[in-house]
Structure formats: structure tokens, C-alpha cells
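1. need coordinates for the following:
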Amino acid sequence: MLSFIVPAHNEQLLIGRTLGALHAAGQALREPYEVIVVDDASTDETGTIARARGAQVVSVNHRHIAATRNAGARQARGELLFFVDADTLVPVSAVCEAVRAMRRGAIGGGCVFRFDGRLPLWARIVYPFTVPIMRLAKLVGGCSLFCTQDAFRAVRGFDEQYYAAEEMAFIAALKRRGRFIIPRACVTTSGRKLRTLPTQEVLALLLRVVLVGPDSFRRRDGLEAWYGSRQLDPEQRPNP
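-> Purely as a prediction, here's the structure:
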């Protein structure tokens, strides 16, 4: 059985598309699957939309992404876990490749991502150079990760010491346990942070990750990009 786990906070505009893509992937594989949305203190219609789209909704009040992911995993019945952000579209081909790899012994993996919509000039210049680096180094973001249930338990899930960049610690722990793979297919995630945050703030966060790593994210201070009020994305449209 496959378990798709979707952490969400105020994602009413995008979560319907995300869930539609996950249902398409599960149905294409023709095996049992479940979709679990972990609704973390949403004040909009995220939970209502998720239920209408056939998801099991788990309500929490963490405002802590690692804890929210772990809450979903605790409810999961599948032997294969897929952690997908609520603003991310995962193609059928990526899920199929991930399932085949894990059934052949891979411990887990993650997908390279592309951003939707128009991006700032600096991001359009930098992004093409980062893709081959990510594939070569097997370094991916947290918007689409997967692993076996056994591997998740072995590494004790996402480390709740981190308020961001928790996926870096999680990926490192998985790699120490076994083979970590990157599917050929990319996922598409929202570029809203790049469109709505000041360029200097985005670059400062990236530099923080590169120079210090996840240890610099053990406090919520300075993480308004994740935990502050969300600014309106001019390219965001309601669910179809």
C-alpha cells in the first residue's frame, strides 16, 4: 500500500490540484493507496477541500513542518511513504519510478523540482545550473520525498529540532541507511516564495543553508518565509 502524506497550512488555492495529481498516480499504479492531509492550524477551507477530494484529514496545531510531517506518518498504513507539499504537483511517472526502485531495494529518494510561473531574473539564470548539481549530489528539496515505512522508522522520522531544512537532516539519515534515488521525472512546485519575498531575503536564506546547514534552523526566529503571514502571489489561481 502507498501512503501520500501532505502537510498543509492555508493551502485552499492549491491543494486541490496537488491531490488530483496524487489520485492520478495512485490509480495509475492500480494498487491500494491513501492520501493523508495534515491540516496544520489552517484558517481557510484547506480541510474542507481535502475531504471533498477524497483525502483523510488529520488536524494538528503545530506550525512546525517536521512535526506535521511526522503526524501524517503516524497515521499512514502503507509500507511506502510519499511526502508531498501541498503546493506541489507530482507526475505519475515519478511515483511509478519511485515505487519500482523501493520495491527493488532502494531505501527512498526525492525528486528534483521545477518552479511554476514566472520567476525573478536571478532565479531564471541560476536555476538551470542547479539541476545537474542536485542530480549529481542527490540533493533535493522537501517538496517531494519518499521512503519505505521501515526506513522512516529506522531514522526516527523528521527531526523535530528543526523548524526548516528538516529534509536535509532526513535525507542525510536515509543515505546512511541505504540507496537513495532521484527519479528522472521532475515535480512542479510553487515559485511563490521567489515571487513574493524580497530577493535579499531569499538569497540570505539560501546562503544560510549552504554555509551553516540545517543546524541554523533550530529556532523559528527569522523563518517568516515559512511561518509568517503569506503574501498574495499574483500568479496564484483558485483550484479548478
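
2. touching, Q231 and T196? I think so.
-> Yes: Q231 is within contact range of T196, at 4.1 Å (criterion: CB atoms under 8 Å). The way it works is simple: take the backbone N, C-alpha and C, and place the C-beta from them, glycine included.

3. kindly state the pLDDT recorded for P240?
-> pLDDT for P240: 51.

4. which of Q231 and T196 has more neighbours?
-> T196 (16 against 11; other CB atoms under 10 Å).

5. what's the more buried one in contact with, if anything?
-> For T196, the contacting residues are 230-233, by CB atoms under 8 Å, 6 or more residues apart in numbering.

6. try 6 Å this time
-> Neighbouring residues of T196 by CB atoms under 6 Å, 6 or more residues apart in numbering: 231, 233.

7. pretty sure I181 contacts G109?
-> Yes: under the criterion of CB atoms under 6 Å, I181 makes contact with G109 at 3.9 Å.

8. between these two, who's got more neighbours?
-> Higher neighbour count among I181 and G109: G109, with 24 against 19, using other CB under 10 Å.

9. am I right that that one is in a strand?
-> Yes: using DSSP: H, G, I helix; E, B strand; the rest coil, the assignment for G109 is a strand.

10. is it in a bridge, and if so with what?
-> Judged by DSSP bridges, the bridge partners of G109 are F146, I181.

11. look up how far Q161 lies from it.
-> To Q161, G109 is 23 Å away according to CB to CB, to the nearest Å.

12. ok, now how distant is the residue positioned nearest the centre of the chain from L14?
-> Nearest residue to the geometric centre of the chain (CA atoms, centre = their mean): C143, 2.2 Å. Distance, C143 to L14, by CB to CB: 12 Å.

13. tell me which stretches of this protein form strands.
-> For the chain, strands defined by DSSP state E occupy the ranges 2-8, 33-40, 56-60, 80-84, 88-89, 108-110, 113-115, 144-148, 180-181, 187-189.

14. A185: neighbour count?
-> By other CB under 10 Å, 16 other residues sit near A185.

15. quick one: pLDDT of it?
-> Looking at A185, the pLDDT reads 95.

16. wait, isn't it in contact with S93?
-> Yes: with contact defined as CB under 6 Å, A185 reaches S93; the gap is 4.3 Å.

17. where in the chain is pLDDT low?
-> Of all residues in the chain, those with pLDDT under 70 make up the ranges 236-240.

18. what does the top helix by length along the chain contact?
-> Using DSSP state H, we find that the single longest helix of the chain is helix 121-137. Contacts to helix 121-137, defined as CB under 6 Å, 6+ apart, come from residues 112, 140, 182, 194.

19. mind putting those into a markdown table with neighbour count?
-> A markdown table is the format used below for the contacts of helix 121-137 (neighbours: other CB atoms under 10 Å):
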| residue | neighbour count |
| --- | --- |
| V112 | 21 |
| V140 | 22 |
| I182 | 21 |
| L194 | 19 |
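
20. show me the contacts for A66.
-> 158, 160, 162, 166.

21. can we see that at 8 Å?
-> 157-163, 166.

22. how close does R118 sit to T199?
-> From R118 across to T199, the span is 14 Å (CB to CB).

23. repeat for Y127
-> Taking CB to CB as the measure, Y127 and T199 are separated by 14 Å.

24. and Y162, how many neighbours?
-> By other CB under 10 Å, 21 other residues sit near Y162.

25. just to check, it is in contact with R218?
-> Yes: Y162 is within contact range of R218, at 6.1 Å (criterion: CB under 8 Å).

26. residues touching A73, list them.
-> A73 touches 3, 5, 81, 83, 152, 157, counting by CB under 8 Å, 6+ apart.
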